[in-house]
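Visitor: This is a predicted model, with the sequence first.
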Amino acid sequence: MGTHTRANGHAPDYFPALVQALHLLPRRNLPRTLWIISYRSTMASEKSPLLGGVINDDDGTGVIDFSTLPPGTMGQDSGIYDSTTFPEKKEDGFGGKNISVFGSISLITNNMTGPTMITIPVVFQQAGWVPTIILTILMMIISNFSSTFLCEAMSSIPGNNRFQGRIELSTLAEAYFPKYLYKITMLLLFITLQGSNIAAIIVSAQTMDLTLLAIFKWTGGLEFFPRFGFATATIPGNAISPFGNDAYVLSLGFIIVLLLTIPLGFLNLDDNATVQEAAMALTIAIIIEWASASFGEGLIQTSRVPAIGPNQGLLMGTLIFTFASVVNVPSWANEMKPKTNVNHCVWIGDGVATLLLLIPGLLGAWSYDFTGSQDLLDVIDADDGRFAIPSRITVYLFPAVVCLSGIPVTSIIVRYNLMLSGLCGKYTANFWAVVFPWLVSIPFYTGAGLSNVINWTSLLCNGITNFIIPLSLYILSIQAEARASLLQKGLDTKSVPLMKAARLLGKAYVYENRKHFYAAPWWKNHPRRSVLLCFVMIAVLVSLTILGIVSNIISTVQGS
C-alpha cells in the first residue's frame, strides 16, 4: 500500500480538534464508516472500524503503516498525510477509479442532455427566448457551483482529500444532518433519481414504438386500460404515442428499450464510460443534423418565439430537471482517475451540455409549430422536407442514445446510495434501482405523463435535492473545519458566529493546503466568500422554485 508521511509538523493537532468540532454539529451519532479518524497519539495500534485495520506507529517516527487496510477502504489518505496510493480493486457492487477525463466530461454532459432536449423547444415558444436563455445560463452556473462545492465537502472528509474512499451524497447527509433530515434527504434523493429515470424511459419507449412503425408499419402491446387485451397500431397518429393519449399499454417499444437498458444498469459506473463517450458523440451528431435540416429547408421563422412569452409554467420545472445532475457527481468523483481535474470536467461538461440544449431548443422553436402534447421528435418525424430521411434516422436513434447513456447511470447511482447507506443489500438495491422505475413508468407512457413527471418532480424535489442540500452540506463542512481550527487554538466555538469562523478558517493550515475544486481561484483561501455565495444561490433557487410552482398552478388552472 505504501507509507504516508506527515506533511507538516503541526498538522496532527488538527485531527482531535476536528473530531471535537464534528460533535458540535446537529448530528451527534456520526456514522462509524465516516468519522472515526486515525490520530497517532490516540489511535496508535488500535482497531478502527473506519480503517478496517491496525494503525502502527509505535516507534513514534510519524510514519503510519497502512499495509493492513483492505483496498477501497477509507483512511488510505487524509488531509494531513500525503499519499499516492489509491484503491486497486473494485468493491462488490461498486466500480473502480477508471473513468478518464473524456469519459468524465461525456458522463456529465449526458446527464443533462436527455429527455429535456425534446421538450425545451416547447418551453422556448411558451416562455419566450429571453427568460429561457437567461435562466438556463443561471441554472448552469448554480449547477456548476453546487457540483464543485459538493466535491469540496467530500474532499474535506479525513482520508478522502483526493477521493480515495467511497463517499456518496447519502453518506454526507448522514454525517452532517440530524436523523430526521437524513431520512428526508434519502427520500428526496430516491424520488429525484427515479423521476429522472422514468422520464428517460418514457421518451425512449415512445420513440422506439415510432421507430417500429416507420420501419415495419406496425407495433403492438398489452393494453391494461380502458380495455384489457392486445393492442396494435399501424400509423403514428396525432397523439404522443401510437396507442393514443388515454390507453395504458405495455408496448413492444417499451420492452425493447427495457431489454437494451437493464443489463447496463447491473454494471458499475466505470463500466459504462465507453457507452457515455459514444453517446455524447452521437448526441452532437444528431444536433448537427437537426440544425442542418432547420437551415437547409428554410424552416427558421424567428417570429414563432416571442421575447417574453405568455406562459412561464413549464420553464423552471424543465430547467431544474435539466440541471438536476448534481446528485450524480459524488459517484463519478469516486470512480474518476486519480489525477482528473474536478473543476475542469464539471465546467466543461456543463458548458457543453448547455450549448447542446440551447441550440436544438431555439432552432426547434423557430422551425416548428407545436400543438397538444407534441415534442421535437414528433414534429421532426412528421416533416417531409428534403432532409426527411436523415432527420427521421436521428429521431429513431435518439431513444437509444438517451436510454443507453442516461437510464443505466441513474440506476447505478440509486444502487450505490442504497448500498452505502446500509438500507439495502446488493440484490435488493438492484431491484429498487433497476427494475422498479420500469414498473412505475407504465402508467405514464401515454398522454402528458412526461411533462407532468418532469415539471412537478423538478419543482417539488429536484431543486432541493440537487442544489439546496449539496450547498447546505458544503456550508456544514466549512463550519466543522472552522470550528476545528478555532478549537485547535483553544477558542470557544459556540460564541463565534459561522461567518466569522469561516473567515478565520481561511488562515488555517488545513484549508490552505487542501486542493480546492470550485471555479474562482481568488476564493481559494476565503471560505467566508464561498459560504456567502452558497446562501445567495440557495435564496435564488428558493425564489425561482416558488415562482415556478405559482406559474405552473396558474397555467394548470387556466388550461382547465
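Guide: On my side now, so go ahead.
Visitor: Please enumerate the helices of the stretch 201-350 of the chain.
Guide: Remark: helices assigned in the stretch 201-350 of the chain by DSSP state H, counting those that start in this stretch are 252-265, 273-296, 315-322, 329-335, 342-367.
Visitor: Reformat those helices as JSON lines; add mean neighbour count.
Guide: Every residue, glycine included, has its C-beta placed from N, CA and C. Converted to JSON lines, the helices of the stretch 201-350 of the chain look like this (neighbours: other Cβ atoms under 10 Å):
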{"stretch": "helix 252-265", "mean neighbour count": "19"}
{"stretch": "helix 273-296", "mean neighbour count": "18"}
{"stretch": "helix 315-322", "mean neighbour count": "28"}
{"stretch": "helix 329-335", "mean neighbour count": "27"}
{"stretch": "helix 342-367", "mean neighbour count": "22"}
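Visitor: Any idea which of those helices gets closest to residue 384?
Guide: Across those, residue 384 has its closest neighbour in helix 273-296 (11.6 Å, Cβ to Cβ).
Visitor: In CSV, list the C-alpha atoms belonging to that closest one.
Guide: C-alpha atoms of helix 273-296 as CSV (Å, rounded to 0.1, in the frame of the first residue of the first chain):
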residue,chain,number,x,y,z
ALA,A,273,-17.7,5.0,-19.5
THR,A,274,-17.2,3.8,-23.1
VAL,A,275,-21.0,4.0,-23.6
GLN,A,276,-21.0,7.5,-22.3
GLU,A,277,-18.3,8.6,-24.7
ALA,A,278,-20.1,7.1,-27.7
ALA,A,279,-23.4,8.6,-26.6
MET,A,280,-22.0,12.1,-26.4
ALA,A,281,-20.6,11.8,-29.9
LEU,A,282,-23.9,10.6,-31.2
THR,A,283,-25.8,13.4,-29.4
ILE,A,284,-23.6,16.0,-31.1
ALA,A,285,-24.1,14.4,-34.5
ILE,A,286,-27.9,14.3,-34.0
ILE,A,287,-27.9,18.0,-33.1
ILE,A,288,-25.8,18.9,-36.1
GLU,A,289,-28.3,17.1,-38.4
TRP,A,290,-31.2,18.8,-36.8
ALA,A,291,-29.6,22.2,-37.2
SER,A,292,-28.7,21.4,-40.8
ALA,A,293,-32.3,20.5,-41.6
SER,A,294,-33.7,23.7,-40.0
PHE,A,295,-31.4,25.9,-42.1
GLY,A,296,-31.3,23.7,-45.2
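Visitor: That helix vs helix 252-265, what angle?
Guide: 140 degrees (axes from the mean of the first three to the mean of the last three Cα atoms, to 10 degrees).
Visitor: Determine the set of other helices and strands touching helix 273-296.
Guide: Contacting helix 273-296 under the criterion 3 or more Cβ pairs under 8 Å, 6 or more residues apart in numbering; DSSP states H and E are the following elements: helix 101-112, helix 342-367, helix 376-382, helix 388-405.
Visitor: gap between residue 398 and residue 101?
Guide: Noted for residue 398: a distance of 26 Å to residue 101, by Cβ to Cβ, to the nearest Å.
Visitor: For these two, indicate the residue with more neighbours.
Guide: Legend: neighbour count by other Cβ atoms under 10 Å for residue 398 and residue 101, higher for residue 398 (24 against 15).
Visitor: residues contacting that one?
Guide: Counting by Cβ atoms under 8 Å, 6 or more residues apart in numbering, residue 398 touches 118, 207, 286, 377.
Visitor: Look up the closest residue to residue 211, ignoring the ones flanking it.
Guide: The shortest distance from residue 211 to any non-neighbouring residue, by Cβ to Cβ, 6 or more residues apart in numbering, is to residue 396 (3.9 Å).
Visitor: number of nearby residues for that neighbour?
Guide: 18.
Visitor: Kindly provide the distance from it to residue 377.
Guide: Plainly put, residue 396 is 9 Å away from residue 377 if you go by Cβ to Cβ.
Visitor: returning to that earlier point: residue 254: which of the helices and strands packed on helix 273-296 is closest?
Guide: helix 388-405 (10.7 Å).
Visitor: in that closest one, what counts as buried?
Guide: 391-392, 394-405 (16 or more other Cβ atoms under 10 Å).
Visitor: returning to that earlier point: out of the contacts of residue 398, flag the one nearest to residue 535.
Guide: residue 118 (35.4 Å).
Visitor: Pick out the residue closest to the middle of the protein.
Guide: When Cα atoms, centre = their mean is applied to the chain, the residue found nearest the centroid is residue 325 (2.3 Å).
Visitor: leaving aside the residues next to it on the chain, what's closest to it?
Guide: Residue 325 sits nearest to residue 111 (Cβ to Cβ, 6+ apart), 3.6 Å away.
Visitor: Tell me, how many residues neighbour that neighbour?
Guide: Each residue near residue 111 was counted by other Cβ under 10 Å, and the total is 28.
Visitor: One more: residue 441?
Guide: Counted with other Cβ under 10 Å, residue 441 comes out at 25.
Visitor: Contact partners for it?
Guide: Here residue 441 is in contact with 198, 201, 202, 205, 254 (Cβ under 8 Å, 6+ apart).
Visitor: helix, strand or coil for the closest residue to residue 322 other than its chain neighbours?
Guide: In this structure, residue 322 finds its nearest non-sequential neighbour in residue 116, 4.4 Å apart by Cβ to Cβ, 6+ apart. Using DSSP: H, G, I helix; E, B strand; the rest coil, the structure places residue 116 in helix.
Visitor: The buried residues of helix 388-405 into TSV, with extra columns for pLDDT and distance to residue 232?
Guide: Shown next, in TSV, are the buried residues of helix 388-405 (pLDDT from 0 to 100; distance: Cβ to Cβ, whole Å):
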residue	pLDDT	distance to residue 232
391	87	26
392	85	22
394	89	26
395	85	21
396	82	20
397	86	25
398	84	24
399	76	20
400	78	23
401	84	27
402	75	25
403	70	23
404	74	27
405	83	31
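Visitor: any low-confidence regions in the stretch 101-250 of the chain?
Guide: Within the stretch 101-250 of the chain, the stretches with pLDDT under 70 are 237-240.
Visitor: My read is that residue 475 contacts residue 532, right?
Guide: No: at 10.0 Å, residue 475 and residue 532 do not qualify as touching, with contact defined as Cβ atoms under 8 Å.
Visitor: Can you pick out the residue with more neighbours from the two?
Guide: Remark: of residue 475 and residue 532, residue 475 carries more neighbours, 21 against 14, as counted by other Cβ under 10 Å.
Visitor: Wait, residue 366 touches residue 302, no?
Guide: Yes: with contacts counted by Cβ under 8 Å, residue 366 reaches residue 302, the gap being 5.6 Å.
Visitor: hey, what's in contact with both of these two?
Guide: Common neighbours of residue 366 and residue 302 (Cβ under 8 Å, 6+ apart) do not exist.
Visitor: ok, back up a step: how close does the residue nearest to residue 211 get to residue 331?
Guide: Residue 396 is 30 Å from residue 331, where distance means Cβ to Cβ.
Visitor: Would you confirm that the residue nearest to residue 211 contacts residue 209?
Guide: No: in this structure, residue 396 is not within contact of residue 209 by Cβ under 8 Å, at 10.6 Å.
Visitor: Show me what the mean pLDDT comes to for stretch 535-544.
Guide: The predicted model assigns stretch 535-544 a mean pLDDT of 90.
Visitor: Could you do stretch 259-273 as well?
Guide: pLDDT averaged over stretch 259-273 gives 91.
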